[in-house]
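S.K.: heads up, no residue letters with this:
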């Protein structure tokens, strides 16, 4: 249990709030949006492996119930429903991946400041994986670097416990937010996803090139895989591939597919390595 591992006191639940117990019924309610007050769905976008020319994973991206953009959903998330939304995201993404017959990992964004009781968060996730027959080792949890994390060491302990239970972890939008190297010093994830603003026009921008090369070198020394996000042009792809990045995501390969697994454009992946 987390309470045996974490030295810091966890934030209390909002007044009058009853947490999920992680039962099968909780998982079913989460998947239907029960107790949350609004509905949402997922689109899935592949992360491709250029070396093997295969799909490495699919990222689950929040959408409205009819495919509306993420903002239509995220604008309804408040301090009062943040925990419930985080739980519903996990369950719905796992359920959707299972129903689509996904054989590769699903990558799920989660809200670090929604973790009031970590042992309950994990219990619900593990139950969702069991109910829907989705392997725990095929679940990647992404934390967005741009979100302010209230207690860095405590959060690093949470990520370590996730890994201990078999989940994989990733820092999303690396280079764009508040946590940066401090979070990396506290915890070394399985994956780092370089923010698309650093990737944009990297083939012609020397400063971005230096940043990417050094990030790749740093991650190699720390045993962390690198994913480049937001690839839109063959020139960006080719520079990043030559730098040593094999995992990439972006419109060049496939746009997110609503409630489906997108087909990867073979031309976007490019020629097989020699």
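M.R.: Perfect, thanks for sending it. Nothing here was measured: the structure is a model prediction, and the numbers come from that model.

S.K.: burial count for residue 192?
M.R.: Look at residue 192: counted by other C-beta atoms under 10 Å, it has 25 neighbours. Where C-beta positions appear, they are placed from N, C-alpha and C, glycine not excepted.

S.K.: pretty sure it sits in a strand.
M.R.: Yes: counting by DSSP: H, G, I helix; E, B strand; the rest coil, residue 192 is part of a strand.

S.K.: that one against residue 229, yeah?
M.R.: No: taking C-beta atoms under 8 Å as the definition, residue 192 is not a contact partner of residue 229, at 10.3 Å.

S.K.: now do the strands in the protein.
M.R.: Assigned by DSSP state E, the strands in the chain fall at 41-49, 54-63, 106-110, 139-144, 168-174, 191-194, 225-228, 247-248, 257-258.

S.K.: list the contacts for residue 238?
M.R.: 203, 270 (C-beta atoms under 8 Å, 6 or more residues apart in numbering).

S.K.: quick one: it from residue 204, how far?
M.R.: 12 Å (C-beta to C-beta, to the nearest Å).

S.K.: how about the contacts made by residue 56?
M.R.: 46, 47, 48, 49, 104, 105, 247.

S.K.: wait, the second one touches residue 61, no?
M.R.: Right, residue 47. No: using C-beta under 8 Å as the test, residue 47 is too far from residue 61 to be in contact (11.9 Å).

S.K.: and the two? which has more neighbours close in?
M.R.: residue 47 (25 against 19).

S.K.: ok, the more buried one - contacts?
M.R.: 55, 56, 57, 58, 59, 107, 227, 247, 248, 249.

S.K.: dump the contacts of residue 56 to JSON lines, plus distance to residue 184 and pLDDT.
M.R.: Formatted as JSON lines, those follow (distance: C-beta to C-beta, whole Å; pLDDT from 0 to 100):
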{"residue": "46", "distance to residue 184": "26", "pLDDT": "98"}
{"residue": "47", "distance to residue 184": "20", "pLDDT": "98"}
{"residue": "48", "distance to residue 184": "24", "pLDDT": "98"}
{"residue": "49", "distance to residue 184": "23", "pLDDT": "97"}
{"residue": "104", "distance to residue 184": "25", "pLDDT": "97"}
{"residue": "105", "distance to residue 184": "21", "pLDDT": "97"}
{"residue": "247", "distance to residue 184": "18", "pLDDT": "98"}
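
S.K.: for these, which one is nearest residue 122?
M.R.: Relative to residue 122, the closest of the contacts of residue 56 is residue 105; by C-beta to C-beta it sits at 17.4 Å.

S.K.: quickly note the distance from that closest one to residue 224.
M.R.: 16 Å.

S.K.: with residue 56 instead?
M.R.: For residue 56, the distance to residue 224 (C-beta to C-beta) stands at 15 Å.

S.K.: same question for residue 205.
M.R.: 23 Å.

S.K.: what does residue 271 give?
M.R.: Taken as C-beta to C-beta, the span from residue 271 to residue 224 is 27 Å.

S.K.: for these two, indicate the residue with more neighbours.
M.R.: Taking neighbours as other C-beta under 10 Å, residue 271 and residue 224 compare with residue 224 leading, 19 against 9.

S.K.: ignoring the adjacent residues along the chain, who's closest to the more buried one?
M.R.: Leaving aside its chain neighbours, residue 224 sits nearest to residue 192 (5.5 Å; criterion: C-beta to C-beta, 6 or more residues apart in numbering).

S.K.: OK, contacts around the one you found?
M.R.: Per C-beta under 8 Å, 6+ apart, neighbours of residue 192: 170, 171, 174, 184, 215, 219, 224, 225, 226, 227.

S.K.: what's around residue 49, how many residues?
M.R.: When neighbours are counted by other C-beta under 10 Å, residue 49 comes out with 17.
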